[in-house]
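Trainee: output the structure for:
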Amino acid sequence: WAVAIVAPWFFYMVHIDLDLLSGGLLTWILFTLIVLLHAAASLLTSRTIPMILFAIGTFEIAAKISYTLVHDVLGLEGQVQMLLMFALLAFEGIGIILGAVFYASKRSAVETWMREFLEGSEALGDL
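Mentor: Numbering: from 1, shown residues only. Coordinates of the predicted model:
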């Protein structure tokens, strides 16, 4: 029950402490690791709140990747920038949703694999 109380506040404080809007590459790498921590917490505790925060964080990372690729790498601006950014974000979103569908269809197998992996078991099993 503590996960449901602590996880949202932790997620909120990470956003404040890292200052994601003005953060550089190292900030976003650290944020990605923290988002993966939420995924691991969700798999280990079988709680929904960390999984929701993982999904929100994943979409934030996808938006940052889309914006950086279109604006900084391609150097586009204006309406073309927005169109390409949202198109790329849509493809990334489809991948995130397909990952969620995979997890939902094999939830117990994924959670068992994660526990065995963290325990260092040799027989990781098949997903």
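Trainee: buried residues of stretch 31-44, list them for me.
Mentor: Phe31, Ile34, Val35, Leu37, His38, Ala39, Ala41, Ser42, Leu43 (16 or more other Cβ atoms under 10 Å). All C-beta spots, glycine's among them, are computed from the backbone N, C-alpha and C.
Trainee: and what of stretch 95-109?
Mentor: Neighbour counts using 16+ other Cβ under 10 Å place Ile96, Tyr103 of stretch 95-109 among the buried residues.
Trainee: may I have it exported as PDB, CA atoms only?
Mentor: This file holds the C-alpha atoms of stretch 95-109, laid out as PDB (Å, rounded to 0.1, in the frame of the first residue of the first chain):
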ATOM      1  CA  GLY A  95       5.100   0.900 -29.900                       C
ATOM      2  CA  ILE A  96       4.400   1.800 -26.300                       C
ATOM      3  CA  ILE A  97       0.900   0.500 -26.500                       C
ATOM      4  CA  LEU A  98       1.900  -2.700 -28.200                       C
ATOM      5  CA  GLY A  99       4.400  -3.200 -25.300                       C
ATOM      6  CA  ALA A 100       1.600  -2.700 -22.800                       C
ATOM      7  CA  VAL A 101      -0.600  -5.200 -24.700                       C
ATOM      8  CA  PHE A 102       2.200  -7.700 -24.600                       C
ATOM      9  CA  TYR A 103       2.700  -7.200 -20.900                       C
ATOM     10  CA  ALA A 104      -1.000  -7.500 -20.200                       C
ATOM     11  CA  SER A 105      -1.200 -10.700 -22.200                       C
ATOM     12  CA  LYS A 106       1.700 -12.300 -20.400                       C
ATOM     13  CA  ARG A 107       1.700 -10.500 -17.000                       C
ATOM     14  CA  SER A 108       2.500 -13.500 -14.800                       C
ATOM     15  CA  ALA A 109       5.200 -14.800 -17.100                       C
END
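Trainee: now it: mean pLDDT?
Mentor: Average pLDDT, stretch 95-109: 88.
Trainee: over to stretch 70-80?
Mentor: Averaged over stretch 70-80, pLDDT sits at 86.
Trainee: one more: stretch 9-22?
Mentor: 86.
Trainee: so which residue is smack in the middle of this structure?
Mentor: Thr58 (2.7 Å; Cα atoms, centre = their mean).
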